[in-house]
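Colleague: sequence plus predicted model, see below.
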There are 2 protein chains.
Amino acid sequence: MSLDHAILGLLSERPRSGYDLKTRCFDDALKPFWTADQAQIYRTLERLKAAKHVSVTTRRCAGRPDRRIYEITRSGREQLDAWLAQAHPSPTLRDPFLLQLYFGASVPDDDLLGVLESRRAEHERRLEELRLAASELAAGKLGPRTEVLRQTALDGAAERERALISWLDDCIHAVTEGALPGSEGRGIGQRHLFGAEPA
Amino acid sequence: MSLDHAILGLLSERPRSGYDLKTRCFDDALKPFWTADQAQIYRTLERLKAAKHVSVTTRRCAGRPDRRIYEITRSGREQLDAWLAQAHPSPTLRDPFLLQLYFGASVPDDDLLGVLESRRAEHERRLEELRLAASELAAGKLGPRTEVLRQTALDGAAERERALISWLDDCIHAVTEGALPGSEGRGIGQRHLFGAEPA
DNA sequence: GTCTATTATATGTTCTATCCTATATTCACC
DNA sequence: GGTGAATATAGGATAGAACATATAATAGAC
C-alpha cells in the first residue's frame, strides 16, 4: 500500500489533481523513490476517496474535462502519520542480472562482458539522475528538516548505485584480465557429479 | 519472465520435481537471488511444459501423490542460453523506506530512529545470510567457473547491503547527535510557501 | 489416540504494476 | 487543413506475486 502513502504524502504538501501528481511528482522529483503510471494514480485516488482519506473538488475548465483537485482529509493525515512512524519490511530484491551470473557458467566471456557493461551503464545513468535531483533540491524552497531528509534519501539511493558500480568494475576487470575460469559447456559433467535424484 | 529462466537454470543442472525446486533451491541456495512461492513454481512448470521447454516423467510413490520430475528439453536449453547471454533491464526499485524519509519531516526523531534501526537490523540479517551462503558454496562441488560466478553474485549482493548499512549508520548518528533540524509539524506553513494551485 | 510435521501437487483469490485504448479540447507547427 | 503535443480522466487486459485452502498418506511426538 505504499503508493497510497506516497500520494497522501504529496497531497499533504498541497492539493493536486491526478494529472498534476503524475506529471509534476511521480515523473519528476519522486521518480528516484517511487514510480507509478497514470492508470494506477487515478485508481488509487478513487480508493483513497472511498476510504475518506482524500476529498475532491471539481474545477470547471472551459472545453477540457473538469479538473478534479484532491485534498487530504484529517483521517488521511492520521493514516499517513501512522504509516510514516512505523517500520515496514523492505521489498525482497529480485534481480534477473544476479540470476544471469548464478547460471552463467556456460555463457562465453564476450556475452558476459556485454551484460556487465550494459548493467554498469544503467547504474551510471541512475546515479546521474540522482545527482540532478539533489541539485534541484538544494534551492531553499523547503523547510530545513524536509530538505535534509530528502537529500539523505537521495544520498542513500546514490550509495547503493555507487557500491554496485564499483563491484561491476571489479567484475569487468576480472573478465577482461582473463581471471575468470574458462567456460564449462553445460551441465553434462555436473549431472554426473551430482548423481541421480535421491529416492 | 525471470522465474521461468531461474527454473530452466535449475533444471539445466539436473531434473527436479516442483517440491524439490521449492524446498531445495528457492528456499535455499537461490534465496538471495530469487524467491518464489510454491503456487508460482507449479504454475510456471505447467507453462514451461506447455511451451515444450521442459518434459515430465511421473514417478509412482506408494501412498503419496505421484512425483512429477521435470527435465529441461533442447528448446528449453536454447531459450535459457539466449536469455543468459543478453542484457535485461534492472527492476525499478520501490522502497517504502525511502518514501518515509522523503515525507518524514513531521515524524518525531524517536520514531525516525526506530525505523532506521529496524531497517539496519534487516540489512544486517541479510548480510549474515549472504555470508552463510558464501561459505556453503566454497565446498568444491561445482566447476571452477560456476563457483567463481556464484561467489561473485553473492559478493555483489553483499556490497549492496554493506553500502546501505554504512549509510544507515550515518543517518542514525546524525539523528542521535541532534544534527537533524527539528520537527516541522506538518504542511501548514509549507502550503503558504508553495502558494495556491496554479490555474 | 490425537496432533503436528513432512512429502507432494494443485486451485482460487486478491493485489500491484504495466500496457493499451477511449474520450475531449486547445494550441502550435508545417 | 491536418498532425501531433499538451491537458485531463478513465476503463480493460494481462502478468507477477502473495496468501489461503484442498487433498492425501506416513512418521513421530506427546
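Modeller: Structure's in. What do you need? Residues are numbered from 1 along each chain as shown, chains lettered A, B, ... in the order given.
Colleague: any idea how chain A splits into domains?
Modeller: Following automatic domain parsing, chain A resolves into domains at A:2-84, A:96-183.
Colleague: what about the longest one, average pLDDT?
Modeller: This points to domain A:96-183. When pLDDT is averaged along domain A:96-183, the result is 93.
Colleague: now the top helix by length along chain A, how far from the centre of its chain.
Modeller: Looking across chain A with DSSP state H, the single longest helix is helix A:144-176. Centroid separation for helix A:144-176 versus its chain: 13 Å, with Cα atoms, centre = their mean, to the nearest Å.
Colleague: with stretch A:142-160 instead?
Modeller: 15 Å.
Colleague: ok, residues contacting that stretch?
Modeller: Stretch A:142-160 has contacts (Cβ atoms under 8 Å, 6 or more residues apart in numbering or on different chains) with A:32-33, A:126-127, A:130-131, A:133-134, A:137-138, A:140, B:93, B:98, B:101-102, B:104-105, B:160, B:163-164, B:166-168, B:171, B:174, B:180-184, B:189-190. Heads up, the C-betas are built off the backbone N, CA and C, glycines and all.
Colleague: those in helices, which ones?
Modeller: Using DSSP H, the contacts of stretch A:142-160 in helices are A:126-127, A:130-131, A:133-134, A:137, B:98, B:101-102, B:160, B:163-164, B:166-168, B:171, B:174, B:189-190.
Colleague: what subset of those residues is buried?
Modeller: Burial by neighbour count, 16 or more other Cβ atoms under 10 Å in any protein chain shown: within the ones in helices among the contacts of stretch A:142-160 this picks out A:126-127, A:130, A:133-134, A:137, B:98, B:101-102, B:160, B:163-164, B:167-168, B:171, B:190.
Colleague: and the two most separated of these?
Modeller: With distances taken as Cβ to Cβ, the most widely separated pair in these is B:Arg160 and B:Gln190, at 33.9 Å.
Colleague: from the buried ones among the ones in helices among the contacts of stretch A:142-160, which is closest to A:Arg59?
Modeller: Once Cβ to Cβ is applied, the member of those that ends up nearest A:Arg59 is B:Gln190, at 21.8 Å.
Colleague: give the contact list for A:Leu101.
Modeller: B:Leu149, B:Arg150, B:Thr152, B:Ala153, B:Gly156.
Colleague: buried residues in the helix or strand containing A:Arg47?
Modeller: For A:Arg47, the host element (DSSP states H and E) is helix A:38-50. Within helix A:38-50, the residues that count as buried by 16+ other Cβ under 10 Å are A:Ile41, A:Thr44, A:Leu45, A:Leu48, A:Lys49.
Colleague: quick one: end-to-end length of stretch A:11-27, please.
Modeller: 16 Å (Cα to Cα, to the nearest Å).
Colleague: next one: that stretch, is it in contact with DNA strand C?
Modeller: No. Judged by Cβ under 7 Å from any atom of the strand, stretch A:11-27 and DNA strand C are separated, with a smallest distance of 9.6 Å.
Colleague: average pLDDT for that stretch?
Modeller: In this model, stretch A:11-27 has a mean pLDDT of 96.
Colleague: how near is the residue nearest to A:Leu154 when sequence neighbours are not counted to DNA strand D?
Modeller: Leaving aside its chain neighbours, A:Leu154 sits nearest to A:Ala134 (4.9 Å; criterion: Cβ to Cβ, 6 or more residues apart in numbering or on different chains). For A:Ala134, the distance to DNA strand D (Cβ to the nearest atom of the strand, to the nearest Å) stands at 25 Å.
Colleague: surely A:Arg120 touches A:Leu168?
Modeller: Yes. Using Cβ atoms under 8 Å, A:Arg120 is in contact with A:Leu168, at 4.5 Å.
Colleague: quick one: contacts for A:Val54?
Modeller: A:Ile7, A:Leu8, A:Leu11, A:Leu45, A:Leu48, A:Tyr70, A:Glu71, A:Ile72, A:Thr73, A:Gly76.
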